[in-house]
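Enquirer: Quick one: sequence and predicted model below, then my questions.
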Amino acid sequence: MVFLNIDGRQFAFVIFLLFSLVSASCNQSTKVVDNERAVNTATTNSATEAPKPIEASKNNQVVIENFAYGPGQLAVPVGTKVTWLNRDTMQHSVTSDDKVFDSGLLKQNQEFSRTFDKPGTYPYHCTPHPSMKAAVVVK
């Protein structure tokens, strides 16, 4: 049997890579409960088919759970306040891709809100977990 001769820094890097792979695989398909119905936010089979926006729920809330935003794409009218709620034990952020808004790190059960005053598509991600992506579509 051959043993690897690695130092602590290399070992930490290997652990980081393994954690990243596990985190990415957890983000493949997530069930999200949207008040009265369940929504499957799994990626579509077609590379050209974009996910359809979920119409705004009564409370316009996006839940962060299991390393995913749910719903992955939320459609709201102009002037709507959207609230994100982190249900994970891990800290997450809500950071717009163009850096217009940033929640900072949200602890478990912490919320962040933003009012969308202009129409457009606002993609966002989690800074510490860049594979977590979603968007708000304002009409």
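Expert: All right, it came through fine.
Enquirer: Can you report how many residues lie near the closest residue to T95 other than its chain neighbours?
Expert: In this structure, T95 finds its nearest non-sequential neighbour in D102, 4.6 Å apart by CB to CB, 6 or more residues apart in numbering. Placement of C-beta: from N, CA and C, glycine included. Neighbour count for D102, taken as other CB atoms under 10 Å: 14.
Enquirer: Kindly report the same for T115.
Expert: For T115, the number of neighbouring residues by other CB under 10 Å comes to 11.
Enquirer: Renumber starting at 4 from here on
Expert: Noted, 4 is the first residue going forward, which turns the last one into T118.
Enquirer: okay, it: pLDDT?
Expert: The per-residue pLDDT reported for T118 equals 97.
Enquirer: List the residues that contact E114.
Expert: 86-89 (CB atoms under 8 Å, 6 or more residues apart in numbering).
Enquirer: please redo it, this time with the cut-off set to 7 Å
Expert: 86-88 (CB atoms under 7 Å, 6 or more residues apart in numbering).
Enquirer: Perfect, I'm done here.
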